[in-house]
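Novice: Sequence plus the predicted model coming up.
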Amino acid sequence: MYDVLVKNGKIVTADSITEGNIAVKGEKIAAILAPGDEPEAAKVIDAAGKYVFPGAIDTHAHLNDPGYEWREDYAHGTAAAAVGGYTTIIDMPLQNEPAMTTAALFDKKEAAVSPNAYVDYCFWGGLIPDNFGDLKDLDDKGCVAFKSFIGPVSPDYSSLSYGQAYEAMQIIKEFGGRAGFHCEDFSTIKWQEKRMKDAGRLDWQGFLDSRPVIAEMLATVDIIEIAKATGCKAHICHVSSPDVAQKIKEAQQEGYDITAETCSHYLSLTDQDVIKNGPMFKCAPPLRSQEEVDRLWEYVIDGTFSGIASDHSPCSYDEKYNEILGAKIENVFDVWGGISGIQSGFQVAFHEGCVKRGVCPTVLANAMAAQPAKAFGIYGRKGDIRIGFDADLLIVDPDKEWEITSESLLYVNKISAFVGMKGKGLPVCTIVRGSVVAEDGKITAEKGVGTLIRKLK
Ligand SMILES: [Zn+2]
């Protein structure tokens, strides 16, 4: 007798789509059966006509908890993730108060968020100039990677110089960790921003021109070189440009363990959205041209990316239009940079990829589950539909049409660049370790069902 049987679905993995039934015992996948083989189970879910994906993994989320819960908290952020199909999120250490940069803070954060999670979560450890001595302890705690910035960062965090990155990656290499970077060259951006301001170019085209692809390219190439020199595993966060993705692909082809992610907004929205609609579409790196969006998909398809992340970077309405922490917004450069997308990441990727571009669903299973799990050291539990893995499953109705409305968002702040977007193909049931946590846009589990996942040793 099994606990759950998901029957009649098209089971999607990184390499195949097969019809069959998935039997769950406790929290694990216990059997994968041929069509018609239907053992008894306490709960039977009929997935006829639907895809059954491995639960998606969001490699890059900012849930702001503890510290800035009025931007997002675990209850709202992970509920949104559950409805949208991310069964594991990897949460960022910054925009926490304080930023999570020591082992003691790891425990404090875990205690604060664990009663409220609806999906499983991993922690990125902080990587700032003054916590190099804490990195090993954070790894021992189970951090799946370390997050740093080459380039501007929010006030509660500090970016690294290339020299500091070189030292940090020597340390991280020693214990087999992965260093992840926001790659936008600081000097390039600061200079361009000054040029724009001096010229009175305070419009959205001025913002876009202040963060050119070359800034992203310079920082990425430098981090790749430091990774090669140190032998440290690296991860390039939120790649917006296909030319940058090409550099990463070349390093991968040379045999270096350099992973990267892109985000659902870089695969769907463009610079024209920024120019037309402004604040809600501001993010960093910025949105690129339609031609670059189309070419970026090629790197999803060829497996360069280990993640289609949300980079869920929530804020209040005021922080997009009026003021941030008491400071009045004077121009485009002051506006909060970040897009909320943890609820819509999978459906946007499915629509833009599988529906619009004819991408095989196996590509999403690879880019959103298998490869992220491998890159962040949780494959074996997460990222695949195999016997013995956690029963994290995502049932997707490929024919269901949708429109994203602000009322449908479960965020603390029900605002997003994705509001108004329409598409086809929607997660209709999300299962985390055998528990159905969301169905048809609604949460069906109790808070606290999500648990901390530590890097597998
Ligand atoms: Zn981020």
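Specialist: Noted; the coordinates are in hand.
Novice: where along this protein do the helices fall?
Specialist: Listed in chain order, the helices of the chain (DSSP state H) span residues 74-84, 103-113, 135-141, 162-174, 186-198, 204-210, 213-230, 242-253, 271-277, 290-301, 317-321, 345-349, 361-365, 371-375.
Novice: Most tightly packed of those helices?
Specialist: helix 74-84 (a mean of 30; mean count of other Cβ atoms under 10 Å). (Each C-beta comes from the backbone N, C-alpha and C, glycine too.)
Novice: if you skip the residues just before and after it, what's nearest to residue 114?
Specialist: Beyond its immediate neighbours in the sequence, the residue positioned closest to residue 114 (Cβ to Cβ, 6 or more residues apart in numbering) is residue 452, lying 6.4 Å away.
Novice: Quick check: the one you found vs residue 69, distance?
Specialist: Between residue 452 and residue 69 the computed distance is 19 Å (Cβ to Cβ, to the nearest Å).
Novice: residues near residue 57, how many?
Specialist: 32 (other Cβ atoms under 10 Å).
Novice: For it, give me the pLDDT.
Specialist: Note on residue 57: pLDDT of 99.
Novice: quick one, what contacts it?
Specialist: Counting by Cβ atoms under 8 Å, 6 or more residues apart in numbering, residue 57 touches 86-90, 307, 368-369, 372-373, 376, 378, 382-383.
Novice: Excluding covalently adjacent residues, which one is nearest to the spatially most central residue of the chain?
Specialist: Centroid-nearest residue in the chain, with Cα atoms, centre = their mean: residue 309, separated by 2.5 Å. Using Cβ to Cβ, 6+ apart and skipping the chain neighbours, the partner closest in space to residue 309 is residue 60 (3.6 Å).
Novice: Between the contacts of residue 57, which sits nearest residue 336?
Specialist: residue 89 (20.7 Å; Cβ to Cβ).
Novice: That closest one and residue 392: what is the separation?
Specialist: In terms of Cβ to Cβ, residue 89 sits 12 Å off from residue 392.
Novice: before we move on, what about residue 329?
Specialist: For residue 329 relative to residue 392 (Cβ to Cβ), the value is 40 Å.
Novice: Name the residue in these two with the higher neighbour count.
Specialist: Set residue 329 next to residue 392 and count neighbours by other Cβ under 10 Å: residue 392 wins out with 31 against 17.
Novice: Touching, that one and residue 52? I think so.
Specialist: No. The criterion here is Cβ atoms under 8 Å, and residue 392 misses it with residue 52 at 11.0 Å.
Novice: one step back: list the contacts for the residue nearest to residue 309?
Specialist: 90, 92, 237-238, 261, 263, 307, 309-312.
Novice: likewise residue 343?
Specialist: The contact partners of residue 343, by Cβ under 8 Å, 6+ apart, come to 80-81, 83-84, 408-411, 416.
Novice: try it again with 10 Å
Specialist: Contacts for residue 343 were tallied using Cβ atoms under 10 Å, 6 or more residues apart in numbering; they are 76-77, 79-86, 310, 312, 404, 408-411, 416, 418, 427, 441.
Novice: And residue 228, by the same measure?
Specialist: Residues in contact with residue 228 (Cβ under 10 Å, 6+ apart) are 234, 251, 254-256, 258.
Novice: before we move on, what about residue 311?
Specialist: 58-62, 92, 182, 237-238, 261-266, 283-284, 338-342, 345.
Novice: May I see the ChimeraX selection of the buried members of those residues?
Specialist: Buried residues among those (16 or more other Cβ atoms under 10 Å), as a ChimeraX selection:
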select :58,59,60,61,62,92,182,237,238,261,262,263,264,265,266,283,284,338,339,340,341,342,345
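Novice: Out of the contacts of residue 311, which sit inside strands?
Specialist: 58-61, 182, 262-263 (DSSP state E).
Novice: What score does the residue nearest to residue 309 have for pLDDT?
Specialist: If you check residue 60, the pLDDT there is 98.
Novice: Over to residue 157?
Specialist: pLDDT recorded at residue 157 is 87.
Novice: Isn't it up against residue 94?
Specialist: Yes. Judged on Cβ atoms under 10 Å, residue 157 makes contact with residue 94 at a distance of 4.2 Å.
Novice: higher neighbour count, those two?
Specialist: Taking other Cβ under 10 Å, residue 157 and residue 94 do not tie; residue 94 has more neighbours (24 against 20).
Novice: What separation do you get for that one and residue 347?
Specialist: For residue 94, the distance to residue 347 equals 27 Å [Cβ to Cβ].
Novice: Ok, residue 301 next?
Specialist: As judged by Cβ to Cβ, residue 301 and residue 347 stand 19 Å apart.
Novice: Among the ones in strands among the contacts of residue 311, which pair sits farthest apart?
Specialist: Comparing all pairs in the ones in strands among the contacts of residue 311 by Cβ to Cβ, the longest separation belongs to 58 and 182, at 16.1 Å.
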